[in-house]
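*Asks:* okay, sequence plus prediction incoming.
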Amino acid sequence: MSLGAAEEEPGQQIQLPADIDWKMLDKSKFFFLGAALFSGVSTALYPVVVLKTRQQVAQAHLSCFKTAFSVVNHEGIRGLYRGFGTSLMGTIPARAVYMTALEVTKSNVGTATVRLGVPEPTAAAIAGAAAGLSAAVAAQLVWTPVDVVSQRLMVQGTHGSCKYLNGIDAFRRILQTDGPKGLYRGFGFSILTYAPSNALWWASYSVTQRLVWSGYGCYLSKNGGNTTLRPDSKTVMMVQGVSAAMAGGISALITTPLDTIKTRLQVLDGDENGRRGGPTVAQTVRNLVREGGWMACYRGLGPRWASMSMSATTMITTYEFLKRLSTKNQESWAS
């Protein structure tokens with residue numbers, strides 16, 4: 001699936017590099033380089049995730065800057081990396097599962113929809129949505145226990161939450177208290193959050209990328225003439241990054257309430273009517289509304305918007321670069 005040659009005006013075309021699909025990848029190189037590259041991305045963006053999580057579980061609204069100042073003031077820079085080791089250990093296998101499901105689904109669904117006579121732009125959006133959905137569901141099977149443990153470490157000691165020695169201690173104590181289901185607390189809501197979010201993101205990315213290329217083509221067409229424009233790799237990467245950021249912002253705006261509820265389900269313990277374990281979805285929503293009205297469901301929107309936009313931009317440019325490095329025939333990319 002590729003944008004290929006995108007027509008902007010009569011006689012004016014943008015000739016883009018062909019997409020690199022699953023069959024063209026050297027799988028061992030793809031997974032090894034992917035683990036290294038995405039570990040670096042996770043390291044850079046992790047503090048924003050910590051701030052988002054702290055805001056979502058707070059009982060009173062604090063701005064992102066006040067939350068960051070409070071964390072650094074009381075816990076030092078290390079406070080912005082609480083739970084990072086646990087998160088990183090889970091990121092590598094979860095990313096491998098995610099990328100495999102993403103590429104296999106996108107390739108198969110894209111090919112099938114085109115064969116059914118669906119226009120290529122629509123087929124690309126459908127393939128992106130299906131790929132994002134399947135990748136999110138597959139990755140959550142690995143990621144949810146890691147997410148539960150790492151988020152407990154992020155907020156430990158705040159608002160009466162437990163304190164843990166490390167990720168292993170948190171894992172052991174969650175198992176002792178709630179059993180295996182404690183590690184999958186919020187799993188259903190994670191699927192409801194990340195599956196639509198990923199489907200929306202990949203579909204939006206396909207659409208926004210075409211819009212950005214269309215705008216780019218209109219800008220260049222002012223020069224006139226019957227020409228075929230061949231953007232260099234830097235221009236392609238810039239358009240991919242801008243499109244990814246736009247898609248990430250759209251996805252964050254729509255799905256933040258679900259993410260806030262999911263985070264509280266995973267982190268906070270229920271104490272209503274002496275009930276052990278986590279609160280229900282209804283209790284979580286009631287507590288949020290009581291604390292700050294319906295807008296409380298949008299706590300952490302700023303960091304999440306920034307995180308998703310930056311993560312999307314970094315992820316898609318890194319991902320495309322990774323696929324380019326991992327092709328079986330490097331010469332085919334340059335041609």
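*Replies:* Right, received. Where do you want to start?
*Asks:* residues in contact with Leu301?
*Replies:* Going by Cβ atoms under 8 Å, 6 or more residues apart in numbering, Leu301 touches Ala252, Leu253, Thr256. Where C-beta positions appear, they are placed from N, C-alpha and C, glycine not excepted.
*Asks:* right, I mislabeled it, should have said Gly132
*Replies:* Leu102, Ala195, Asn198, Ala199, Leu200, Trp201, Trp202, Ala203.
*Asks:* what is the most widely separated pair among the residues you listed?
*Replies:* Distance extremes for these: the farthest pair is Leu102 and Leu200 at 14.5 Å, using Cβ to Cβ.
*Asks:* can you pick out the residue with more neighbours from these two?
*Replies:* Set Leu102 next to Leu200 and count neighbours by other Cβ atoms under 10 Å: Leu102 wins out with 24 against 19.
*Asks:* now the more buried one. Nearest residue, chain neighbours left out?
*Replies:* Nearest residue to Leu102 in three dimensions, chain neighbours excluded: Ala135, at 4.0 Å (Cβ to Cβ, 6 or more residues apart in numbering).
*Asks:* what about that neighbour, how many neighbours?
*Replies:* When neighbours are counted by other Cβ under 10 Å, Ala135 registers 26.
*Asks:* what about it? Give its phi and psi, please.
*Replies:* phi -70, psi -40 (degrees, to the nearest 10).
*Asks:* again with the one 4 residues further on
*Replies:* Summarising the backbone geometry of Ala139 under the convention degrees, to the nearest 10, its torsions are phi -70, psi -30.
*Asks:* for the residue nearest to it when sequence neighbours are not counted, give me its contacts.
*Replies:* Nearest non-adjacent residue to Ala139, counting by Cβ to Cβ, 6+ apart: Tyr98, 4.0 Å away. By Cβ under 8 Å, 6+ apart, the contact set of Tyr98 is Ala135, Ala136, Ala138, Ala139.
*Asks:* I'd like to know which of the residues you listed are buried.
*Replies:* Among these, those classed as buried by 16 or more other Cβ atoms under 10 Å are Ala135, Ala136, Ala138, Ala139.
*Asks:* for the helix or strand hosting Arg324, what is the distance to the chain centroid?
*Replies:* Assigned by DSSP states H and E, Arg324 falls within helix 301-325. Relative to the centre of its chain, helix 301-325 is centred 8 Å away, using Cα atoms, centre = their mean, to the nearest Å.
*Asks:* what pLDDT, on average, does that helix get?
*Replies:* What helix 301-325 shows for mean pLDDT is 81.
*Asks:* before we move on, the earlier item: what helix or strand is the residue nearest to Ala139 located in?
*Replies:* helix 84-115.
*Asks:* show the low-confidence segments of this structure, by residue range.
*Replies:* Applying pLDDT under 70 to the chain flags the ranges 1-18, 157-161, 220-229, 269-278, 329-335.
*Asks:* ranges for the strands of it?
*Replies:* Taking DSSP state E as the test, the strands found in the chain are 5-9, 12-15, 227-229.
*Asks:* re the thing from before, between helix 84-115 and the helix holding Arg324, find me the angle.
*Replies:* Orientation check (axes from the mean of the first three to the mean of the last three Cα atoms, to 10 degrees): helix 301-325 against helix 84-115 gives 70 degrees.
*Asks:* give me the number of residues near Val289?
*Replies:* Using other Cβ under 10 Å, Val289 is surrounded by 13 other residues.
*Asks:* what's the separation between it and Ala36?
*Replies:* Remark: distance between Val289 and Ala36 (Cβ to Cβ, to the nearest Å) = 44 Å.
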